[in-house]
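Q: Okay, here's the prediction I keep looking at, along with the sequence it came from:
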Amino acid sequence: MDFHIGRQFGKAEAIYERLLRSNPYDFRLNHLLGALRQEQGRPAEALVFLEKACRLRPLSAPTFMCRGLALDSLGRHVDAEKSLLTAVGMDGQNFDLWSNLGAHYLIVGRVPEAIDGFKRAIALKPDYAHAWTGLGSALHLSGRPQEAVVCHSRALELDPAQYRAQFARAQALQACHCVEEAIADFDAHLIQRPDHHQARSFRLFLLNYRETYSREALGAEHLAYGRAIEADIDRQGGPRDFSRRERRPGKLRIAFLSPDFRTHSVAFFIEPILRHLDRTRFEVILYYDHFINDAMTARLRALADTWRAFAGQALAVVADTVRADDPDILVDLAGHTGFNRMDLVAARVAPVQIAYLGYPNTTGLRAMDYRFTDAIADPIGVTDHLHTEQLVRFAPAAWAYSPPVDSPAPASSGHGATIRFGSFNALSKLSPATIRVWRQLLAAVPGSKLLLKSIGIVPERWSRILSEAGIEPPRVELLPESASVAEHLALYGQMDVALDPFPYNGTTTSAEALWMGVPLVTLAGDRHASRVGVSLLTAIGRPEWIAHSTEEYVRLAVNLAADATGRQQLRTALREEMRASVLLDHAGQAARFGAAVLGCWEATQRTQGAPAAVASAAA
């Protein structure tokens, strides 16, 4: 037991197995080995021992609880809930049971019930740090990250070694747009758990916001992550070897992995590809890794030949499912953004693995063979050496934008003498350098205002941040969250000139602004994240809005603000320019994407499993 409690799982396992050989029907040993297997991430094996323990002692609430946890990890959520409710029915005063029931409700997306479960656990044991952490996570998912930070902080006060609380607080701070504070929490967490690769992955995403990081420093951080996770995989036998796999006749089986098959930025860009992909050549599998299911989820599911839901499932279970599906190609759409499965990709589950769309940098994984981009966002020969993947510039622009079906018509421009510059990007992207340049812009256009809209705006905090940077509160309008996508898009009617932040540009917000007839000013940078605006504006034929210095950025924005007649014409012209551009050439983009995927497959086949050079598409 001491070894188990101290997380020395190997030693505990050896003792339990030796004792169980002599006492196969010992309830306690079956329970303990089952619980251990669950903690080791081996839920199928855990369930065997826990089922046996339940038969040996049918009234053990802790055993039914552990059984429920194992069932959840296997994706058997209905059975898991029955087991957990059985446990609670046996011992309704057990705080641990209520906490784990709350965790189950989180997995299946029933957040209000999760909050109730964790609150019940805390009522029974106010100093139960684990339940405070769970409550924080539930509040975060309910859109209350500030309250989540308070809960995780309480957990850390109760138990400073509660590493899950520090990890979860970092995520909540990220949702509050407190980038540096979140990085500090991830750093502290990784001191305690240097082997927690998911935390390293989340941290990598945040580093893209730092203006002080060179592209070389960012590349080095990603490569260090790759080396760390690959060392663990090598110790477990190494990534799967596909070199002797026989080629399957017929269509190529292509699997897309994402937590964002819902109303999310990624969905608006992947839907056109999926809708128009040549189904005479490809069989499509969609692996969805989030508990939210909405209208977009239903639309995307209808485009899949096979649909799998992975939310809450253990890595081993997901890996077994993917191996059984046996895809030829895996396209990861998340990279180091939230709810990713980089550990799955690192272990290699397909002969060809491709990164696309969701992340603006290398994954750092040798097992990720290719990364799809374009020659504007990633100029040839500039950042290739900083990638573990081969860059495939598959189209003139890497994006296929699908405007929301309920988009309103562009509004007429005009606010009298008041010019409104604006950005609807996540506030995390508002780097100190961006805010300094926007201050200069407001000073150059007397009476102008800055219109900001983002999930998680805390008006008092951002008024203070902007005021300290020299932008006084009367010059800023902070808009609340919208009830619908259509309502959100309509608010672009209040904006005269859209401002792209740097070094991390917008993507969906930039496409939205242009679709709603608002000109966009961007600053060309030296890495993918700071060249997305360049790619989008080049694609629609508006290179004149691309600045190459902060002085030019201000000048371009000032000139657009001064041209009221021109801005009024753009309200209708920009939508037509987008319709005529590669961004809305959905069939063409899907064909180019499909051709690039086939090129990757054929190149890898020629080299017997090793990724090889693939010709990039002509501009």
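A: Thanks, I have it.

Q: so how far is the helix or strand harbouring residue 255 off the chain centroid?
A: Taking DSSP states H and E as the definition, one finds residue 255 inside strand 252-258. Centroid separation for strand 252-258 versus its chain: 17 Å, with Cα atoms, centre = their mean, to the nearest Å.

Q: CA atoms only for it - export them in CSV, please.
A: C-alpha atoms of strand 252-258 as CSV (Å, rounded to 0.1, in the frame of the first residue of the first chain):
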residue,chain,number,x,y,z
LEU,A,252,-7.2,5.6,-48.8
ARG,A,253,-8.5,5.8,-45.3
ILE,A,254,-7.9,9.3,-43.9
ALA,A,255,-8.7,10.1,-40.3
PHE,A,256,-9.0,13.6,-38.9
LEU,A,257,-8.4,14.1,-35.2
SER,A,258,-9.7,17.2,-33.4
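
Q: Need the CA coordinates for the helix or strand following that strand. CSV is fine.
A: Using DSSP H and E, the helix or strand that follows strand 252-258 towards the C-terminus is helix 265-276. Taking Å, rounded to 0.1, in the frame of the first residue of the first chain, the C-alpha atoms of helix 265-276 are listed here in CSV:
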residue,chain,number,x,y,z
SER,A,265,-12.7,28.4,-35.5
VAL,A,266,-11.2,25.1,-36.8
ALA,A,267,-14.6,23.8,-37.9
PHE,A,268,-15.2,26.8,-40.2
PHE,A,269,-12.0,26.0,-42.1
ILE,A,270,-12.2,22.2,-42.2
GLU,A,271,-15.8,21.8,-43.1
PRO,A,272,-15.3,22.9,-46.8
ILE,A,273,-12.4,20.4,-47.1
LEU,A,274,-14.5,17.5,-45.7
ARG,A,275,-17.6,18.4,-47.7
HIS,A,276,-15.7,18.5,-51.1
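
Q: which outside residues touch helix 265-276?
A: Helix 265-276 is contacted from outside by 256, 258, 260-261, 284, 286, 296, 299-300, 303-304, 333-334, 357-358, 399-404, 507-508, 511, 586-587, 589-591, 593, using Cβ atoms under 8 Å, 6 or more residues apart in numbering. Quick note: C-beta positions are derived from backbone N, CA and C, even for glycine.

Q: Helices - which of the residues you listed land there?
A: Judged by DSSP state H, the subset of those located in helices is 296, 299-300, 508, 511, 586-587, 589-591, 593.

Q: Switch the residues you listed over to JSON lines; also include distance to residue 367, pLDDT and neighbour count.
A: Shown next, in JSON lines, are the ones in helices among the contacts of helix 265-276 (distance: Cβ to Cβ, whole Å; pLDDT from 0 to 100; neighbours: other Cβ atoms under 10 Å):
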{"residue": "296", "distance to residue 367": "29", "pLDDT": "95", "neighbour count": "19"}
{"residue": "299", "distance to residue 367": "31", "pLDDT": "96", "neighbour count": "16"}
{"residue": "300", "distance to residue 367": "26", "pLDDT": "98", "neighbour count": "22"}
{"residue": "508", "distance to residue 367": "28", "pLDDT": "96", "neighbour count": "17"}
{"residue": "511", "distance to residue 367": "31", "pLDDT": "98", "neighbour count": "25"}
{"residue": "586", "distance to residue 367": "30", "pLDDT": "98", "neighbour count": "17"}
{"residue": "587", "distance to residue 367": "32", "pLDDT": "98", "neighbour count": "13"}
{"residue": "589", "distance to residue 367": "26", "pLDDT": "98", "neighbour count": "25"}
{"residue": "590", "distance to residue 367": "26", "pLDDT": "98", "neighbour count": "18"}
{"residue": "591", "distance to residue 367": "28", "pLDDT": "98", "neighbour count": "16"}
{"residue": "593", "distance to residue 367": "21", "pLDDT": "98", "neighbour count": "26"}
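
Q: Distance to residue 39 for the residues you listed - can I get that in TSV?
A: Listed next are these as TSV, based on distance: Cβ to Cβ, whole Å:
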residue	distance to residue 39
296	35
299	38
300	34
508	39
511	44
586	46
587	49
589	45
590	44
591	48
593	41
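
Q: any idea which of those is closest to residue 495?
A: Proximity of the ones in helices among the contacts of helix 265-276 to residue 495 (Cβ to Cβ) peaks at residue 511, which lies at 14.3 Å.

Q: so how many other residues sit close to the nearest residue to that closest one once chain neighbours are set aside?
A: Distances taken as Cβ to Cβ, 6 or more residues apart in numbering put residue 401 closest to residue 511, at 4.6 Å, once the chain neighbours are dropped. Counted by other Cβ atoms under 10 Å, the residues lying close to residue 401 total 26.

Q: ok, now residue 12?
A: Counted with other Cβ under 10 Å, residue 12 comes out at 22.

Q: just checking, it touches residue 35?
A: No: the pair residue 12 / residue 35 is not scored as a contact, 10.0 Å apart, by Cβ atoms under 8 Å.

Q: what about this structure, any weak spots by pLDDT?
A: The chain contains residues with pLDDT under 70 at 1-3, 5-9, 413-416, 608-619.

Q: how's this structure carved up into domains?
A: The chain is divided into the following domains under automatic domain parsing: 2-190, 195-400+585-619, 420-579.

Q: Next, format the ones you listed as TSV and append distance to residue 410.
A: Below are the domains of the chain laid out as TSV (distance: least, Cβ to Cβ, whole Å):
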stretch	distance to residue 410
domain 2-190	29
domain 195-400+585-619	18
domain 420-579	4
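
Q: Nearest to residue 408 among the ones you listed would be which one?
A: domain 420-579 (5.0 Å).

Q: chain center to the closest one, what's the gap?
A: Computed by Cα atoms, centre = their mean, the chain-centroid distance of domain 420-579 equals 23 Å.

Q: now stretch 188-203
A: Relative to its chain's centre, stretch 188-203 lies at 17 Å (Cα atoms, centre = their mean).

Q: Pull out the buried residues from it.
A: If you call a residue buried by 16 or more other Cβ atoms under 10 Å, then stretch 188-203 has these buried ones: 189-190, 196-203.

Q: Convert the C-alpha atoms of it to CSV, please.
A: Taking Å, rounded to 0.1, in the frame of the first residue of the first chain, the C-alpha atoms of stretch 188-203 are listed here in CSV:
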residue,chain,number,x,y,z
ALA,A,188,5.8,25.4,-11.3
HIS,A,189,3.7,22.4,-12.1
LEU,A,190,6.4,20.9,-14.4
ILE,A,191,8.9,21.2,-11.6
GLN,A,192,6.7,18.7,-9.6
ARG,A,193,5.7,16.6,-12.7
PRO,A,194,8.4,16.9,-15.4
ASP,A,195,6.9,13.9,-17.1
HIS,A,196,3.5,15.6,-17.6
HIS,A,197,3.7,16.1,-21.3
GLN,A,198,0.2,17.5,-21.6
ALA,A,199,1.2,20.4,-19.4
ARG,A,200,4.4,21.0,-21.5
SER,A,201,2.1,21.0,-24.6
PHE,A,202,-0.3,23.6,-23.1
ARG,A,203,2.7,25.7,-22.2
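
Q: Can you pull out the residues in contact with it?
A: With contact meaning Cβ under 8 Å, 6+ apart, stretch 188-203 is reached by 161, 163, 166-167, 170-171, 174, 183, 186-187, 225, 228-229, 232, 336, 338, 340, 342-343.

Q: Pull out the buried residues from the residues you listed.
A: By 16+ other Cβ under 10 Å, the contacts of stretch 188-203 give 163, 166-167, 170-171, 174, 183, 186, 225, 229, 336, 338, 340, 342-343 as buried.

Q: List the ones among these that fall in helices.
A: Filtering those for helices - DSSP H - leaves 163, 166-167, 170-171, 174, 183, 186, 225, 229, 342-343.

Q: I'd like these written out as CSV, with distance to residue 71 added.
A: Shown next, in CSV, are these (distance: Cβ to Cβ, whole Å):
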residue, distance to residue 71
163, 25
166, 28
167, 24
170, 29
171, 26
174, 31
183, 36
186, 31
225, 32
229, 28
342, 25
343, 22
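
Q: now, which of those sits nearest residue 44?
A: Nearest to residue 44 among these is residue 343, at 17.8 Å by Cβ to Cβ.
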